[in-house]
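Q: 3D, please:
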Amino acid sequence: MAKAIWNGQVLAESDQTVVVDNNHYFPPDAINTEFLKDSDTTSVCPWKGQASYYNIVVDGEVNVDAAWTYPDTKPEAKNIEKYVAFWKGVAVEA
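A: As a prediction, the model looks like this:
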């Protein structure tokens, strides 16, 4: 079971993550969405597509752009479409 934890809160938990480029991508139903707030930040991966980011907010503290998702992936990355990955100090325990 993989867990993503930041500031003492479990942001996501699943035994069905997909590991890509050393990142655990959590399925949408495994995300505690109350901690994720939309960000205007985007980036592009040549083989995955355009990523959208989230700010993580826990107990009034904000971790800017610390989670991302690919809402509409390229064909090679359909297995992680709409899944969420974390970085920037978010601990992912697997």
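Q: what's the closest non-adjacent residue to residue 36?
A: Excluding the flanking residues, the one nearest residue 36 by C-beta to C-beta, 6 or more residues apart in numbering is residue 54, at 4.1 Å. (C-beta placed from N, C-alpha, C; glycine too.)
Q: what helix or strand is that neighbour on?
A: strand 49-58 (DSSP states H and E).
Q: ok, the residue nearest to residue 36 touching residue 37?
A: Yes - the criterion here is C-beta atoms under 8 Å, and residue 54 meets it with residue 37 at 6.2 Å.
Q: which one's more surrounded, the two?
A: residue 54 (23 against 13; other C-beta atoms under 10 Å).
Q: and the gap between residue 76 and residue 48?
A: 7 Å (C-beta to C-beta, to the nearest Å).
Q: just residue 72 next, same as before
A: The gap separating residue 72 from residue 48 is 10 Å, by C-beta to C-beta.
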